[in-house]
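In: when you get a sec, could you give me coordinates for this:
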Amino acid sequence: MTESTTAPSAAEIEQRIGAFLEVKTKVTWEREVDLFASGAVSSLFAMELVVFVEGEFGVTVEGADLALDNFRTLRSMSALITRLRGGDGA
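Out: Okay, the predicted model is just below:
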């Protein structure tokens, strides 16, 4: 997708991550479902999520931000991306 001058909204971020997950898992994900507790996503797949998030949203995830909790739900990933992009989460 082409990056616009405005940052994507939380809903747009969640939609883009959800589309990626749907292709990979063949499941449509709600924003609050714990991907890892569901059993459909493994900790190994978390690294693929990190690579996707970094490439798709132009952020670098490192250090404490690599915590699994930041990747459990669409909402938690959206919050991480918004924070890393310097957004206010609105």
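In: going forward, measure contacts and count neighbours with C-alpha atoms only.
Out: Noted.
In: where does the chain have its least confident helix or strand?
Out: Lowest by mean pLDDT, DSSP states H and E among the helices and strands of the chain is helix 43-57, with a mean of 92.
In: quick one, what contacts the most centrally placed residue in the chain?
Out: The centroid of the chain falls nearest to residue 77 when counting by CA atoms, centre = their mean (3.6 Å). Residue 77 makes contact with 14, 70-71, according to CA atoms under 8 Å, 6 or more residues apart in numbering.
In: ditto for residue 80
Out: Contact analysis of residue 80 by CA under 8 Å, 6+ apart lists 65, 70.
In: and it, how close does it get to residue 55?
Out: Going from residue 80 to residue 55 by CA to CA, to the nearest Å gives 14 Å.
In: cool, and residue 32?
Out: 23 Å.
In: circling back to that earlier point, can you pull the buried residues of the least confident helix or strand of the chain?
Out: The neighbour-count check on helix 43-57 (16 or more other CA atoms under 10 Å) flags 46, 49-50, 53, 57 as buried.
In: now stretch 27-43 - C-alpha only, CSV.
Out: Output in CSV follows, covering the C-alpha atoms of stretch 27-43 (Å, rounded to 0.1, in the frame of the first residue of the first chain):
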residue,chain,number,x,y,z
VAL,A,27,-9.2,-17.5,9.9
THR,A,28,-10.9,-14.1,10.3
TRP,A,29,-9.7,-12.5,13.5
GLU,A,30,-11.6,-10.2,15.9
ARG,A,31,-9.6,-7.4,17.3
GLU,A,32,-9.6,-8.7,20.9
VAL,A,33,-8.9,-12.4,20.3
ASP,A,34,-5.6,-13.7,21.7
LEU,A,35,-3.9,-15.1,18.7
PHE,A,36,-1.5,-17.3,20.7
ALA,A,37,-4.1,-18.6,23.3
SER,A,38,-6.3,-19.6,20.3
GLY,A,39,-3.6,-22.1,19.2
ALA,A,40,-3.8,-20.9,15.6
VAL,A,41,-0.6,-18.8,16.0
SER,A,42,2.7,-20.1,17.4
SER,A,43,5.5,-18.2,19.0
